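> compute the structure for the input listed below.
(one chain, ligands or ions: 3)
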Amino acid sequence: MSESNITFSEAEALHFHAKGRPGKIEIVASKPMATQRDLSLAYSPGVAVPVRAIAANPACAYDYTAKGNLVAVISNGTAILGLGNLGALASKPVMEGKAVLFKRFADVDSIDLELATEDVDAFVNAVALLEPSFGGINLEDIAAPSCFIIEQALRERMNIPVFHDDQHGTAIITAAGIINACLLTGRALKDVKVVVNGAGAAAIACTELIKAMGVRHDHVIMCDRQGVIYQGREGGMDQWKSAHAIATDARTLKEALAGADIFLGLSAAGALKPDMVTDMAAQPIIFAMANPDPEILPTEAKAARPDAIVATGRSDYPNQVNNVLGFPFIFRGALDVRATTINDEMKIAAAHAIAELARQQVPEEVAAAYGGKAQSFGPDYIIPAPFDPRLMEMVPTAVAQAAMDSGVAQKGIEDMAAYRMALRARMNPTTSVLTLAYEAARANPRRVIFAEGEEEVVLRAAVAFREGGYGIPVLVGRDDVHDRLRAMGVADPESYEVHNSRNSPLVPRMIDHLYARLQRRGYLAREVERMVKQDRNTFAAALLALGEGDALISGVTRPYAQTYSQLRRVIDAAGAVTPFGMHVLVGQSHTVFMADTTVTERPTATQLADIAEHAAAVARRMGHEPRVAFLSYSNFGNPEGKWLDNVRDAVTLLDQRQTDFEYEGEMSPDVALNPAMADKYPFIRLSGPANILVMPGLQSANLSAKLLRELGGDSVIGPILVGMDQPVQIAPMSATASDLVTLAVLSAGGIAR
Ligand SMILES: NC(=O)C1=CN([C@@H]2O[C@H](COP(=O)(O)OP(=O)(O)OC[C@H]3O[C@@H](n4cnc5c(N)ncnc54)[C@H](OP(=O)(O)O)[C@@H]3O)[C@@H](O)[C@H]2O)C=CC1
Ligand SMILES: CC(=O)C(=O)O
Ligand SMILES: [Mg+2]
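Ligands and ions are numbered 1, 2, ... in the order given. Predicted coordinates for the structure are as follows:
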């Protein structure tokens, strides 16, 4: 099964949704619920206080409840994606998906609600009654023409934003692309002649928005299955089509397109033929947006008209019209000013902000979102990529400003620069860096050796790694690996590369390579032969050493220290630094790096200083300005202890080195992480809470990391092995398939090294 260039099996899609907690969404308390006192405050009797406050002043609901950051994604399932009317219950996976996209892209909390009715009045009444609960309503996948009636009625009845994303999300991104295509071809919106093919939810909304932006009513010809919608046509009409009917002699799409500047397709696959494109004006603008197959393929359009600018809904061609560029950020801006609606001014501001972003230079750290190629504004880049983290700053600010200017904001933002900073801080940079690392891997797929190819979790990771387009898995295992893949439902198991140490023709070269390294460490040739043939980590590392892969992942079948020492026989440390392990703890708004959590039992002062320097470099690559705390149970010598010298000496050593990051110590974790505690030591040289914790010894480090992994609310990446001469990563024995894929991507991409 495929959605553009990403492939997956039906079994995988079901497994993704079923694994762990079924579905994609859960609710997490944002306040402590630990003590009787917490409960008394959260619920009765404490909760009575905000109840009375809200009753006296309804605006207080934004201060005392989640309303102000909560959007309902509501559907009746009558037009689920391009799948048709499959009912409310079947639409739930899509609506849950939309809810999590709100969270992922713009930190908007969202919940899906599926209403089992096709009756317009019943639907409207049910949604209108929900106004107290939410800051906004995203209507989704509701069939035309009911969607128009429902949205209109709800916009009139409700005093919070109601936004049918299939209409307006599409329209906003389309409008952004049109603005840029017109700029590139020297056209003004007031002059362009447009043909819209399709007269459904998306087409009507796109047409209304471009008209609101200045395209003339009599310059737009709309077509449906019966051809041109002209004034006086009687068959197949409704009030929404009639509103766009014009006086024209054209009766077919081909006639309408003669001399037209822009084609907007929101209809069906293949509806636009090459000979129709030939008749369009010079440098025609062709948006063929039917999903999953466009009205015309970009290759066909360009063959007919090499001067055309072409956009589609697909990610495997340039200029993708994708709603996720819009809805999360539009609601973010609307919620932040407590807008009562999302009006045309806000939609147009969003379109201009998205268009403007495509015209800006792509910074190097964002280039991965564009497939690793530095993009510059031009015919193949008129719309930004969905993973561009700059969207989170550009779009909400524009939408919020437009809401204020047009008088629908209930709360102003005085300092837009500060708001922009707050938006940036809202997203943990680690999330963006991971996303970009995945995109970079897709742009530059590498060969990753999975040393434990007989483990199901490893095979799942290898399949996900390959199917995600991140690279080519090279599996180490016995001959039945292909059978195992087949049993997992993989359609073409034989296409996976498997190396078996029992019969690999590479074994003699591996033995030579390894014996040359180990003979002066006392190893006998037959010992080396036995290791290569019998120890999968030695064999896998030798594959890496011989250039059969670009990176190596192992760890799920043996304790960490054993895997590490097996790999170290073959792979050196990089330079003089002792390799070390680093856990990365990722929360919604913070990331903390902790090291050395895996290798050296009692690091020397020099090793601690080295760890700080290398950990700082990895943190920078992951988007964080490093602030290192050297941890201890003691704060600056209080209490005194006999094991503190290494830690204190490490700080002194860094004082003597040329470093470009903040560090401080020795200090306890609460002083490192809690600003109120840090205030008790006003001389501390950190400008904020530490984000790199250099641990005094392996006991405390490894225990802390494992405790946090098992008990903590954060997600944990790693441990990442830093300081090896080649990209090698050792996963924990508890690793999931997605943990392994993340390590593979970070390792092959050079972020973890
Ligand atoms: N890329 C993107 O971001 C988006 C793409 N889309 C795509 O746009 C298309 C329409 O979606 P939506 O508006 O929700 O659907 P609707 O069902 O509301 O409307 C479909 C419209 O297309 C018309 N149509 C269908 N086939 C043809 C044809 N061969 N020639 C001319 N007109 C035709 C229909 O005509 P009639 O009225 O005569 O039945 C109808 O007016 C879909 O393919 C969808 O995937 C939609 C949203 C976003
Ligand atoms: C993308 C989307 O919202 C749809 O196809 O319905
Ligand atoms: Mg939809």
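> enumerate the residues of the protein near ligand 2.
Contact residues (CB under 6 Å from any ligand atom) of the chain with ligand 2: L81, D141, D165, D166, N291, N323. Placement of C-beta: from N, CA and C, glycine included.
> residues in contact with the last one?
When you say that, I think you mean N323. Under the criterion of CB atoms under 8 Å, 6 or more residues apart in numbering, the contact partners of N323 comprise D165, D166, G169, T170, I173.
> neighbours around the residue in the stretch 151-300 of the chain that ligand 3 sits nearest to, how many?
Ranked by CB to the ion, the top residue of the stretch 151-300 of the chain for proximity to ligand 3 is D166, at 4.3 Å. Other residues near D166 come to 23 when the count uses other CB atoms under 10 Å.
> just the element for it, please.
helix 165-184 (DSSP states H and E).
> is ligand 1 within reach of that helix?
Yes. Residues of helix 165-184 contacting ligand 1 under CB under 6 Å from any ligand atom: D166, T170.
> average pLDDT for that helix?
Across helix 165-184, pLDDT averages out at 96.
> who wins on neighbours among the contacts of N323?
The most neighbours, when the contacts of N323 are compared by other CB under 10 Å, belong to I173, which has 30 neighbours.
> now do the SS call for the residue in the stretch 651-753 of the chain that ligand 2 sits nearest to.
When scored by CB to the nearest ligand atom, the stretch 651-753 of the chain has S738 as its residue closest to ligand 2, at 24.4 Å. In the three-state summary, S738 is assigned as helix, counting by DSSP: H, G, I helix; E, B strand; the rest coil.
> so what pLDDT did it get?
At S738, the pLDDT recorded in the model is 85.
> from here on, call the first residue 510.
Got it, the first residue is 510 from now on, which makes the last one we talked about S1247.
> list the contacts of it.
Here S1247 is in contact with A970, A973 (criterion: CB under 8 Å, 6+ apart).
> show me what contacts the residue of the stretch 660-809 of the chain closest to ligand 3?
So, once contact is read as CB under 8 Å, 6+ apart, D675 ends up touching A588, E649, D650, I651, C656, A710, A711, N832.
> what is the neighbour count of the first one?
By other CB under 10 Å, the residues close to A588 number 22.
> leaving out the residues flanking it, which one is nearest to the closest residue to ligand 1 within the stretch 610-759 of the chain?
Per CB to the nearest ligand atom, the residue of the stretch 610-759 of the chain with the smallest distance to ligand 1 is G709, at 1.7 Å. Nearest residue to G709 in three dimensions, chain neighbours excluded: A653, at 4.6 Å (CB to CB, 6 or more residues apart in numbering).
> show me which residues of the chain sit near ligand 3.
Within the chain, the positions lying close to ligand 3 (CB under 5 Å from the ion) are E649, D650, D675.
> which residues sit in contact with E764?
Applying CB under 8 Å, 6+ apart, one finds that E764 lies in contact with V737, D758.
> can you show me the helices along the stretch 1060-1209 of the chain?
Listed in chain order, the helices found in the stretch 1060-1209 of the chain under DSSP state H, counting those that start in this stretch are 1069-1077, 1114-1130, 1154-1165, 1178-1182, 1184-1187, 1207-1220.
> which among these is found nearest to E1003?
Closest to E1003 of the helices of the stretch 1060-1209 of the chain, according to CB to CB: helix 1069-1077, at 28.8 Å.
> using PDB, write out the CA atom coordinates for the closest one.
In PDB, the C-alpha atoms belonging to helix 1069-1077 read as follows (Å, rounded to 0.1, in the frame of the first residue of the first chain):
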ATOM      1  CA  TYR A1069      25.200  -3.500  27.000                       C
ATOM      2  CA  ALA A1070      28.800  -4.000  28.300                       C
ATOM      3  CA  GLN A1071      29.100  -7.300  26.500                       C
ATOM      4  CA  THR A1072      28.000  -5.800  23.200                       C
ATOM      5  CA  TYR A1073      30.300  -2.800  23.700                       C
ATOM      6  CA  SER A1074      33.400  -4.900  24.300                       C
ATOM      7  CA  GLN A1075      32.600  -7.200  21.300                       C
ATOM      8  CA  LEU A1076      32.300  -4.200  19.000                       C
ATOM      9  CA  ARG A1077      35.400  -2.500  20.400                       C
END
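> just to revisit the earlier point, what's around the residue of the stretch 610-759 of the chain closest to ligand 1, how many residues?
Residues near G709, counting by other CB under 10 Å, number 20.
> cool, L1055 as well?
Number of residues near L1055 (other CB under 10 Å) recorded here: 12.
> what does it show for phi and psi?
Main-chain dihedrals, L1055, degrees, to the nearest 10: phi -80, psi 0.
> so how far is G921 from it?
As for L1055, its distance to G921 is 64 Å (criterion: CB to CB, to the nearest Å).
> give me the pLDDT for Q1097.
67.
> can you map out the strands along the stretch 860-1009 of the chain?
Counting by DSSP state E, counting those that start in this stretch, the segments of the stretch 860-1009 of the chain that form strands are 955-959, 980-985, 1006-1008.
> want to throw those strands into JSON lines with mean neighbour count?
Supplementary listing: the strands of the stretch 860-1009 of the chain in JSON lines, determined by neighbours: other CB atoms under 10 Å:
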{"stretch": "strand 955-959", "mean neighbour count": "24"}
{"stretch": "strand 980-985", "mean neighbour count": "23"}
{"stretch": "strand 1006-1008", "mean neighbour count": "20"}
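> using CSV, lay out those strands together with mean pLDDT.
What follows is those, written out as CSV (pLDDT from 0 to 100):
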stretch, mean pLDDT
strand 955-959, 97
strand 980-985, 96
strand 1006-1008, 96
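> closest to ligand 1 out of the ones you listed?
Proximity to ligand 1 (CB to the nearest ligand atom) singles out strand 980-985 among these, at 28.7 Å.
> elements contacting that closest one?
Judged by 3 or more CB pairs under 8 Å, 6 or more residues apart in numbering; DSSP states H and E, the packing partners of strand 980-985 are strand 955-959, helix 965-976, strand 1006-1008, helix 1045-1054, helix 1246-1257.
> for M1131, see how far away G916 is.
G916 sits 42 Å away from M1131 when distances are taken as CB to CB.
> show me which of these two is the more surrounded one.
The neighbour count for G916 versus M1131, taken as other CB under 10 Å, is higher for M1131 (22 against 9).
> quick one: contacts for that one?
Here M1131 is in contact with P938, T939, V942, V1093, T1100, I1260 (criterion: CB under 8 Å, 6+ apart).
> stretch 602-621 vs ligand 1: in contact?
No. Stretch 602-621 stays clear of ligand 1 (CB under 6 Å from any ligand atom), getting no nearer than 13.1 Å.
> contacts for that stretch, please.
Everything outside stretch 602-621 that qualifies as a contact, by CB under 8 Å, 6+ apart, is 526, 532-534, 536, 575, 578-584, 589-590, 601, 622-623, 647, 649-650, 674, 833, 836-838, 840-841, 844, 895, 900-901, 905, 935-936, 940, 1097.
> residues from this structure in reach of ligand 1?
Where the chain comes near ligand 1, counting by CB under 6 Å from any ligand atom, the residues are 591, 653, 675, 679, 706-712, 732-735, 745, 775-777, 780, 798-800, 822, 830, 832.
> which of the residues you listed are buried? Put it as a ChimeraX command.
This is how ChimeraX selects the buried members of these, with burial counted by 16 or more other CB atoms under 10 Å:
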select :653,675,679,706,707,708,709,710,711,712,732,733,775,776,780,798,799,800,822,830,832
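> of the residues of the chain next to ligand 1, which belong to helices?
Per DSSP state H, helices hold the following members of the residues of the chain next to ligand 1: D675, T679, A710, A711, A712.
> any idea how far V985 is from the residue nearest to the spatial centre of the chain?
Note on the chain: the residue nearest the mean C-alpha position is T944, at 5.0 Å, using CA atoms, centre = their mean. Taking CB to CB as the criterion, T944 is separated from V985 by 29 Å.
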